[in-house]
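# need the 3D shape of this:
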Amino acid sequence: MANKTKWTPSKKAEFLKCLAEEGSAKAAAEMIGLSRSQAYVLRDLDEQFAKEWTEAEKDAFDTLEREGRRRAMEKSDTLLIFYLKAHSEKYRMADRMEITGKDGAALPTASEIAFEIAKLQKLVKPAVIVDAESTPQLGDGKQ
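Predicted structure coming up:
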């Protein structure tokens, strides 16, 4: 029966192997009979384990990428398009949109806009508030 509380060196190695194969910390922890939350705590506390975890995740991604390439070549034009775009400048969309102010000038920052608004507010007279009873009636006075 698996030890549910102790991360031995062999359990760490098993976990990392499973993580590299499965790409999931939850699946790897379940496969070795230990807690996923304990795995994350251990990763935070053990720098070497954290480095090995990162490498195991890279290995898992490499496996996914290899499988994606195989499927793209054998079965899917859509996957092939995405694979080519991801791996070659030649097939990437190079569209770019740049928004500028008048004559190519930089757009104002939020603080610059706020400053200009404050200046304008000083120039504007405060609005007169009229209560509903003194509001002039239009037309024949019926509402």
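
# okay, CA-based contacts and neighbour counts for the rest of this
Will do.

# which secondary element of this protein has the worst mean pLDDT?
When the helices and strands of the chain are scored by mean pLDDT, DSSP states H and E, helix 77-87 comes last with a mean of 83.

# run through the neighbouring helices and strands of it.
Judged by 3 or more CA pairs under 8 Å, 6 or more residues apart in numbering; DSSP states H and E, helix 77-87 is in contact with helix 47-74.

# next, the buried residues of stretch 56-73.
56-57, 59-61, 63, 68-69, 72 (16 or more other CA atoms under 10 Å).

# reformat the residues you listed as JSON lines; add pLDDT and distance to residue 23.
Putting these into JSON lines (pLDDT from 0 to 100; distance: CA to CA, whole Å) gives the following:
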{"residue": "56", "pLDDT": "97", "distance to residue 23": "8"}
{"residue": "57", "pLDDT": "95", "distance to residue 23": "6"}
{"residue": "59", "pLDDT": "95", "distance to residue 23": "8"}
{"residue": "60", "pLDDT": "94", "distance to residue 23": "5"}
{"residue": "61", "pLDDT": "91", "distance to residue 23": "7"}
{"residue": "63", "pLDDT": "92", "distance to residue 23": "9"}
{"residue": "68", "pLDDT": "87", "distance to residue 23": "15"}
{"residue": "69", "pLDDT": "88", "distance to residue 23": "18"}
{"residue": "72", "pLDDT": "86", "distance to residue 23": "21"}
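
# farthest pair within the residues you listed?
56 and 72 (24.3 Å; CA to CA).

# where does residue 14 land in three-state SS?
helix (DSSP: H, G, I helix; E, B strand; the rest coil).

# burial count for it?
For residue 14, the neighbour count with other CA atoms under 10 Å is 16.

# please give me every residue in contact with it.
residue 32 (CA atoms under 8 Å, 6 or more residues apart in numbering).
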